[in-house]
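Undergrad: For reference, the sequence and a predicted model appear below.
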Amino acid sequence: MILLNPKQLNRDNADPKTQDILQKTVEFFESRGKKRLKQDDHDRVWYSDFLDLVKKEEIFATLMTPAGYGAKNSRWDSWRNCQFSEILGFYGLNYWYTWQVSMLGLGPIWMSPNEEIKKKTAKLLQEGGIFAFGLSEREHGADLYSSEMKLVPSEKGNYIARGRKYYIGNANKAAFVSTFGKIANTEDYVFFAVESQHKNYECVKNTVNSQNFVAEYALHDYPITDADILSKGKEAWDSSLNTINICKYNLGWASIGMCTHAFYESINHASQRNLFNHKVTDFPHVKQLFVDAYSRLVAMKLFTLRASDYMRSSSADDRRYLLYNPLVKMKVTTQGEEVINHLWDIIAAKGFEKDMYFETAARDIRALPKLEGTVHVNMALIIKFMQNYFFKPGKFPEVQKRNDPANDEFLFRQGPTKGLGKIRFHDYNIAYSSVDLPNVRIFRKQISGLKKLLMLARPTQEQTQDFDFLLILGELFTLVAYGQLIIENAKIYKVEDELLDQIFDFMVRDFSKFALQLFSKSSSTRVQMALCTLLIKKPEVNQERFQKIWSHHVAPLQGSYSMNESSPKTN
């Protein structure tokens, strides 16, 4: 079964230490129970008990210390980090968030040439430390050009730090806050580390109404020496963006975890409820919503797993991950919203009840498309790859499934962040030609129509300034890359043809939806409109296939998982 079931935890190729971490994390949440999980969420309780577990079991130290800096089991292994992210997302975004922002805070440190601070960081991780990423500011958001945090040169070649940062997770308790700013007078970029408990560090407030502490903090003439400097100039700029390249990927796993838990809860409720003398799951529209939600969720996971293979296999000569990672952040998280919407249409008012996990998921699923760059920001990045993806394919060796216990060292030496328009991709036709299924064939016709649109009716100068127009065009492009990696991974995970064809049922519909939106834009030309009509297709209807997905994949999930309601100690 491709969906996570914490009560049947059997992680693919996990070494004993990894299996132990994953199992103990599941046991922590299940032993607390859903009642406590929900109560802490509503009361906005800082998750110190979870961080106690992290410290006791050296979880963050094992998972986020690159090889050579920590214990023998420590390595930066994206494969097992994916599994841990999914489990945290499954139980709640709050717990995933402290892991996510620690990863962000560690990025500039592990990319730094400062070996002494790396050794100190490894020790702090072993002691249970969490970390923070001081990038955004209240007035400028993540606009790095406008950063007002300053390092002011002082006597003996040292500095004092002055300025504020805003919306910074973990910044109340972080052992180190990796802080981005500029050196006064020269305006050179700089990353430096500060301690959240230092007397010159002011944690102003929590900016959100949540278990998380997303701080505004201020540095009041905070003393900085060269020992605290992580990077300067272009290296500082690159480390900020390269850190986000790594960590934006995690947002997809949070979405997958939340949607999976919400799916179990929804189908358990619907299958036990009778309306008008019928089980709710017997209604045709309910079956359709469940099959669609399941197909989208499986597609999310197939794509995200495959994107991990490309990230782990990346090099200076193969940076295809720079397309696939933003797609995980943008496409997978927005698909998560679609899944929750479908499930909510099924369980209706039940989704508002305070004792349901679903109530939390329905709220938090909206956050993920808006973190680590909005959908619009990531789409602007993705569009840069479109020309080479469609018209200038390169040749690469086939990327294998990467679940080996390796240290992903390239992630911390990604190099300059420029040159995105030069990145090449392998021919997407290799994947699409490898399967012969009705809805994949229809989707291939839609892809051909999109290429024709790009060749014969490229966006006008005015349209290139209309971000909404480009956003819709980008949605069509992303569906092509999304489907490509899903097909590649369906082969690796031996996904049945019927399920893959059902996935492309919604892919054809989504492609048609965006084509209609492009057609309807006020600025669309007659030629563009005519070509858009060729992209609007109906998927092949196959009731036998649909019923097989329902009976073999969806219906068996009824009662297969429910979270323990309360701790055995309180029963």
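TA: It's in.

Undergrad: Beyond the helix or strand harbouring F263, next helix or strand please.
TA: Assessed by DSSP states H and E, F263 sits inside helix 250-271. Per DSSP H and E, the first helix or strand lying C-terminal to helix 250-271 is strand 274-275.

Undergrad: And the residue nearest to T243 when sequence neighbours are not counted, how far from F469?
TA: The shortest distance from T243 to any non-neighbouring residue, by C-beta to C-beta, 6 or more residues apart in numbering, is to G107 (2.9 Å). Quick note: C-beta positions are derived from backbone N, CA and C, even for glycine. Going from G107 to F469 by C-beta to C-beta, to the nearest Å gives 34 Å.

Undergrad: got it, and S522?
TA: S522 is 9 Å from F469, where distance means C-beta to C-beta.

Undergrad: Pick out whichever of these two has more residues nearby.
TA: Each of S522 and F469 has its neighbours counted (other C-beta atoms under 10 Å); F469 has more, 21 against 7.

Undergrad: and the closest residue in space to M64 that isn't next to it in sequence, what is it in contact with?
TA: Computed as C-beta to C-beta, 6+ apart, the closest residue to M64 that is not its neighbour in sequence is L106, at 5.7 Å. In this structure, L106 makes contact with M64, T121, F131, S178, judged by C-beta atoms under 8 Å, 6 or more residues apart in numbering.

Undergrad: Just the ones in helices from those, please.
TA: M64, T121 (DSSP state H).

Undergrad: From the contacts of L106, list just the buried residues.
TA: For the contacts of L106, a burial check counting by 16 or more other C-beta atoms under 10 Å picks out M64, T121, F131, S178.

Undergrad: number of nearby residues for R44?
TA: Look at R44: counted by other C-beta under 10 Å, it has 14 neighbours.

Undergrad: So which elements touch the helix or strand of the chain with the lowest mean pLDDT?
TA: Of all helical and strand segments in the chain, the minimum by mean pLDDT, DSSP states H and E falls on helix 375-383, at a mean of 76. Here helix 375-383 touches helix 321-327, helix 467-492, going by 3 or more C-beta pairs under 8 Å, 6 or more residues apart in numbering; DSSP states H and E.

Undergrad: N170 is in contact with Y217, isn't it?
TA: No - taking contacts as C-beta atoms under 8 Å, N170 lies outside contact range of Y217: 10.7 Å.

Undergrad: what about the two, which has more around it?
TA: Higher neighbour count among N170 and Y217: N170, with 27 against 23, using other C-beta under 10 Å.

Undergrad: tell me the pLDDT at the more buried one?
TA: N170 carries a pLDDT value of 97.

Undergrad: separation between the closest residue to it other than its chain neighbours and W237?
TA: Distances taken as C-beta to C-beta, 6+ apart put A132 closest to N170, at 4.2 Å, once the chain neighbours are dropped. In this view, A132 and W237 are 19 Å apart by C-beta to C-beta.

Undergrad: More neighbours: these two, which one.
TA: More crowded of A132 and W237, by other C-beta under 10 Å: A132, with 30 against 20.

Undergrad: quick one: contacts for the more buried one?
TA: Listed by C-beta under 8 Å, 6+ apart, the contact set of A132 reads 101-102, 104-105, 168-171, 174, 176-178, 196, 215.

Undergrad: before we move on, what about Y389?
TA: L323, F425, Y428, F477, V480, A481 are the contacts of Y389 under C-beta under 8 Å, 6+ apart.

Undergrad: at 6 Å what do you get?
TA: Each residue near Y389 by C-beta atoms under 6 Å, 6 or more residues apart in numbering is listed here: F425.

Undergrad: Would it be right to say that it lies in a strand?
TA: No - the assignment for Y389 (DSSP: H, G, I helix; E, B strand; the rest coil) gives helix, which keeps it out of a strand.

Undergrad: any idea how far E488 is from F506?
TA: 18 Å.

Undergrad: More neighbours: those two, which one.
TA: Neighbour tally, E488 and F506, criterion other C-beta under 10 Å: the higher count belongs to E488, 22 against 19.

Undergrad: Can you give me the buried ones in stretch 180-194?
TA: Buried, per 16+ other C-beta under 10 Å, within stretch 180-194: F180, G181, K182, I183, Y189, V190, F191, F192, A193, V194.

Undergrad: For the closest residue to the first one other than its chain neighbours, grab phi and psi.
TA: Of all residues beyond its chain neighbours, the one nearest F180 is L135 (5.0 Å), with distances taken as C-beta to C-beta, 6+ apart. Per-residue torsions, L135: phi -110, psi -60 (degrees, to the nearest 10).

Undergrad: And the pLDDT at L135?
TA: Looking at L135, its pLDDT reads 94.
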